[in-house]
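Engineer: Starting from these lines, generate the structure:
(chains A, B, C and D)
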Protein chains: 2
Amino acid sequence: MGLFHRRKEISVQTIRRLPQYLRIFYNLHAYGRELVSSTYLADETHLLPIVIKKDLQAVGAPSKLRAGFKVAGTIEVIEKFLGWNKLNKAFLVGVGHLGAALLGFDGFKNHGLEIVAAFDTHPEKVASTVHGVPVYHTAQLSTMIEKQNLKIAVLTLPAAAAQGVTDTLVAAGVKAIWNFAPVNLQVPDGVIVQKEDISSGLAELCAKLKSK
Amino acid sequence: MGLFHRRKEISVQTIRRLPQYLRIFYNLHAYGRELVSSTYLADETHLLPIVIKKDLQAVGAPSKLRAGFKVAGTIEVIEKFLGWNKLNKAFLVGVGHLGAALLGFDGFKNHGLEIVAAFDTHPEKVASTVHGVPVYHTAQLSTMIEKQNLKIAVLTLPAAAAQGVTDTLVAAGVKAIWNFAPVNLQVPDGVIVQKEDISSGLAELCAKLKSK
DNA sequence: ACATATTAGATATTTTGATATCTATATTTT
DNA sequence: AAAATATAGATATCAAAATATCTAATATGT
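Structural biologist: The predicted model follows:
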């Protein structure tokens, strides 16, 4: 067994559960709790203890036999794993209802994200400030990305405009796009697109409701 | 083989992909297209043809050998499967940034959902109208649910308030809760909770970004 | 008319993720 | 001090989901 044993791939589902754990660990830490067991966490999350155990083991959370996982240390490894220990600057394109709501969400600073500017094409929005974030015209997007060497963008604009803006973003050097528009964006290799679609959740809800 | 052969359980992942298919089928239908193949849909969605074939077969989408799936008929079976062929009335609780954004989203009428009233405790919001939806005080929630025999509620309020409101909703007869608050709600058996958590998507994005 | 290509349909295989079981250890209780 | 208990850690099993392979049918092109 050498120093560089192959790191087991961490599953997508595990990654998606990490923020939930993190929130609970922040709370525990605020209360001065130093250790927490997977059974306690299972009660909080409605997950099975074994799921939690395996998730936390996967990211290398420090623990103490019989006592549980170490709160401070676990926060550290999860934050480091997600890169949430430092802030990544991001632009947001499309200051509609959802875009404005995201600009108003102050929780992103706990999630490694800082939206430093927003962009829109509507004259009445350009040059204004939404929840403290300045709004520029979309025409300025390209130069501002290059100037700030920005890597992450949040897309909250209508489906019809999404691909065009995406091409601009990619050409200017953006490497990760968090896409809230209901389209599948075409991007070259090496650019990450994370698509959000709340209608999936609604579909799940409706299907469960029907099958009762 | 009888009339009532056991319907194969449809997977959660399939259900979550249905809205995406539906959007594409609506477009095709608008363009007068009558048939579409799984390979065409695969191009549009970036999914594999076999995934789409199996998803559509699972909901019983009508098809024609060699020619593809029938557009109009497939829309019908998906809508029926999700219950989106008729509108379900819903209340929204918590008119913050996100709540207001959801009230402003007019796409829900294509998704079987009609938010007919919103509730909040802030005096400046109560008795106002947000994107055409009237806002009432949360104290009126219980009686209004009972009066309208309402079954679905959307929760967009702070974590601290979510469980209390949930108890009220359940007591008044709500059967399905679409929960955007970052908490795991406690509900009795028979009540459905669908939790949305955009930080999961952000975690996925950040993990991919880090592992590059 | 015949050959070719494309497709839904069915089945089999593989991969991923969730769950169960067992063990060793530290803590608490008696 | 001894017994009981709760836990992380490891391994094994099971279930869900994705993917591959094969078949038969039906267009299309020559």
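Engineer: Is DNA strand D within reach of the worst-scoring helix or strand of chain A on mean pLDDT?
Structural biologist: Lowest by mean pLDDT, DSSP states H and E among the helices and strands of chain A is strand A:63-64, with a mean of 90. Yes. Judged by Cβ under 7 Å from any atom of the strand, strand A:63-64 and DNA strand D are in contact via A:Ser63, A:Lys64. From N, CA and C alone the C-beta is placed, and that goes for glycine too.
Engineer: Also stretch A:13-31?
Structural biologist: No. Stretch A:13-31 does not reach DNA strand D (Cβ under 7 Å from any atom of the strand); its nearest approach is 9.8 Å.
Engineer: quick one on the thing from earlier: just how off-centre is the helix or strand following the least confident helix or strand of chain A within its chain?
Structural biologist: Once strand A:63-64 ends, the next helix or strand along the chain (criterion: DSSP states H and E) is strand A:68-70. Put simply, strand A:68-70 sits 25 Å off its chain's centre (Cα atoms, centre = their mean, to the nearest Å).
Engineer: before we move on, what about stretch A:200-212?
Structural biologist: Distance of stretch A:200-212 from the chain centroid (Cα atoms, centre = their mean) equals 25 Å.
Engineer: Residues touching the least confident helix or strand of chain A, excluding its own?
Structural biologist: With contact meaning Cβ atoms under 8 Å, 6 or more residues apart in numbering or on different chains, strand A:63-64 is reached by A:Leu35, A:Leu56, A:Phe69, A:Lys70.
Engineer: And for stretch A:91-104?
Structural biologist: Under the contact criterion Cβ under 8 Å, 6+ apart, stretch A:91-104 has outside partners A:108, A:115-120, A:122, A:125, A:130-133, A:135, A:138, A:141, A:144-145, A:150, A:152-158, A:161, A:165, A:169, A:180-181, B:96-98, B:100-101, B:104-105, B:131.
Engineer: Buried only: go through these for me.
Structural biologist: Listed as buried from the contacts of stretch A:91-104 are A:108, A:115, A:117-120, A:125, A:130, A:133, A:135, A:138, A:141, A:145, A:150, A:152-157, A:161, A:165, A:169, A:180-181, B:96-98, B:100-101, B:104-105; burial here means 16 or more other Cβ atoms under 10 Å in any protein chain shown.
Engineer: Residue numbers of chain A in contact with DNA strand C?
Structural biologist: A:9, A:11-14, A:47-48, A:50-51, A:54, A:64-67.
Engineer: Distance of A:His122 relative to chain B?
Structural biologist: The gap separating A:His122 from chain B is 15 Å, by Cβ to the nearest Cβ, to the nearest Å.
Engineer: Run a quick neighbour tally on the closest residue to that residue other than its chain neighbours.
Structural biologist: Of all residues not flanking A:His122 in the chain, A:Val95 sits nearest, at 7.7 Å (Cβ to Cβ, 6 or more residues apart in numbering or on different chains). Residues contacting A:Val95 under the criterion other Cβ atoms under 10 Å in any protein chain shown number 23.
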